[in-house]
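J.: Kindly return the folded structure for what I paste below:
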Amino acid sequence: MAGALPRDAVVAVIGAGTMGAGIAQVAAVAGHPVVLFDARVGAAGSARDKLASTLEALAGKGKLAPDAARAAAARIVAVHALGDCAGAALAIEAIVEDLAAKRALFAELEFVVRGDAVLATNTSSLSVTSLAAGMQRPARVAGLHFFNPAPVMPLVEIVSGLATDPGVAATLHATAAAWGKAPVHASSTPGFIVNRCARPFYGEAWRLLDERAASPATIDALLRDAGGFRMGPFELMDLIGHDVNLAVTGSVWQAYHYDARFTPSVRQRELVDAGFHGRKTGRGLYDYREGATRPAPDVEAPRPAPARVAIHGDLGIAAPLAQRLAAAGVSVERRPVAAAFPRGALSIDGVFLALTDGRTATTRAAAAGIDDVVVFDLALDFATCTRLAAAPADRCGADAWGRAAGALQAASVAVARLDDVAGLAVMRTVTMLANEAADAVAQGIATARDVDTAMRKGVNYPHGPLAWADALGVSAVRETLANLGAHYGEDRYRVSPLITRRAASGQPLAS
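T.: Predicted structure coming up:
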């Protein structure tokens, strides 16, 4: 069982809700006969009719040939008893996310389908090992985790439990690829790849808000406009639903024995308790009720552009800032690296401006013996970013801060002044994402390639976190995480052993 299922193989989908119907559509469009069953009377038939309308609409928009749409619709049959799934070569459950309910279904289903049929679960969080436990043939059970909406989202996580036959996982991988998806292999651990590795994107945003570093709108804008993410963490949680997001975080936290890295936000619990779940309830971090105004991100008032700046050493990934300043008519002078800023810095009439390394500006100022120090945040691409966060040291003078802000603004960057928090917004988020991804690889949950693919295809990250860490420099990532850990004194920021090892060897993570 190494190749994809043949196109004439019957696919049974149990559960005709949003996910089940979406999976049925994917399989039918790929050419398979599909039987759709739901224990709720009439649900499968209703879903089948809606799918026919959906496929017709896709044909009307030119996204599917009319003949192909009609043929796909004709391949979907609503059935009224689980026994009608007997001829399936692949049975996919997409029922309620409840362990007992799924186990009961599989216990019945394994005696309905033929002996060589594959049983797959679309669970997003439950243990595949636990779901298969007690079955007569647990080797044929695996996870086939689609992302919502299934017809649109490319990623599918192929999840192997302890008893899963490698050939079954290989067949599901090949089948998902034949269906036009981007499949990745993962072992059955809490959160699989995406729901585990994405936790820092939300968790670090809550920490920033708890520290009053910036407003939600400002943090969202920075992660979008500097970090390159499609959505900021707060607007994304409002879209997902805080009840759903908190439940996933809590599930992963508990499953990993209350590891501090996954600690849920007390502030988010308050939102859920208040019923402020996000868009679906009309209010979350933002107000979506009629007449409500979306708050704007904070932006520093315009400051005079400097006549000249000095570049000390090599700015590394931030080097395009110097080019943007020069293009704006600012005189750029090259100087040797400053001892207090070994990774490079800019200076403007005595104020030093450096990329964050996980320490606060105040800590760096004290170490350098210089009051006027400002740190700025990471950007996905310093050549094109339109917004950056920056923070002055506590003893930095108002005029010095103005000179630093003016220099960034001269490079056509909107400046958001953050409180002096360690790692600022984008840097701490990206390095923590890389740290979690590295641990997933080190623990054998998935390969580096599959982790990066999952995060790009499943949650639309601009880079895979491991490739992003390589672009930053693995040593720089290790240093930033170590500085965050020293600042907070928490196990939350412990450095993945894989990052420590690769930093010492000079090898990349994404390999």
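J.: what about the strands in the stretch 101-250 of the chain?
T.: Counting by DSSP state E, counting those that start in this stretch, the stretch 101-250 of the chain has these strands, from start to end: 118-121, 141-146, 155-160, 182-187.
J.: repeat for the stretch 401-511 of the chain
T.: Along the stretch 401-511 of the chain, the segments classed as strands by DSSP E, counting those that start in this stretch run 414-417.
J.: How about the residue in the chain that sits furthest from its center?
T.: Most distant from the centre of the chain: residue 307, at 41.2 Å, with distances by Cα atoms, centre = their mean.
J.: Please verify my assumption that residue 145 contacts residue 160.
T.: No - if you go by Cβ atoms under 8 Å, residue 145 and residue 160 don't touch, sitting 11.7 Å apart. To be clear about C-beta, it is placed using only N, CA and C from the backbone, and glycine gets the same treatment.
J.: out of the two, which sits in the busier spot?
T.: residue 145 (26 against 21; other Cβ atoms under 10 Å).
J.: Bridged to that one, which residues?
T.: residue 157 (DSSP bridges).
J.: Next up, the contacts around it.
T.: By Cβ atoms under 8 Å, 6 or more residues apart in numbering, residue 145 lies in contact with 122, 123, 124, 156, 157, 158, 159, 192.
J.: Need the pLDDT of it.
T.: pLDDT, residue 145: 97.
J.: now do the one 4 residues further on
T.: You'll see residue 149 listed with a pLDDT of 94.
J.: got a list of what it touches?
T.: 18, 22.
J.: again with the one 10 residues further on
T.: Contacts of residue 159 were listed using Cβ under 8 Å, 6+ apart, and they are 128, 142, 143, 144, 145, 186, 187, 188, 192.
J.: centroid residue for this protein?
T.: Using Cα atoms, centre = their mean, the most central residue of the chain is residue 198, at 4.0 Å.
J.: Count the neighbours of the closest residue in space to it that isn't next to it in sequence for me.
T.: Spatial nearest neighbour of residue 198, chain neighbours left out: residue 459 (5.5 Å); criterion: Cβ to Cβ, 6 or more residues apart in numbering. Residue 459 has 19 neighbours, counted by other Cβ under 10 Å.
J.: what's near enough to touch residue 459?
T.: Counting by Cβ under 8 Å, 6+ apart, residue 459 makes contact with 194, 198, 201.
J.: try residue 200
T.: Taking Cβ under 8 Å, 6+ apart, we find residue 200 in contact with 261, 429, 432, 433, 435, 436.
J.: can you put these in JSON lines and add distance to residue 398, neighbour count and pLDDT?
T.: Listed next are those as JSON lines, based on distance: Cβ to Cβ, whole Å; neighbours: other Cβ atoms under 10 Å; pLDDT from 0 to 100:
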{"residue": "261", "distance to residue 398": "38", "neighbour count": "20", "pLDDT": "95"}
{"residue": "429", "distance to residue 398": "29", "neighbour count": "28", "pLDDT": "98"}
{"residue": "432", "distance to residue 398": "32", "neighbour count": "26", "pLDDT": "98"}
{"residue": "433", "distance to residue 398": "35", "neighbour count": "24", "pLDDT": "98"}
{"residue": "435", "distance to residue 398": "36", "neighbour count": "27", "pLDDT": "98"}
{"residue": "436", "distance to residue 398": "39", "neighbour count": "23", "pLDDT": "98"}
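J.: which of those sit farthest apart?
T.: Spatial extent of the contacts of residue 200 (Cβ to Cβ) is set by the pair 261 and 429 at 13.5 Å.
J.: picking up where we left off before, please tell me I have it right and the residue farthest from the centre of the chain contacts residue 328.
T.: No - if you go by Cβ under 8 Å, residue 307 and residue 328 don't touch, sitting 11.4 Å apart.
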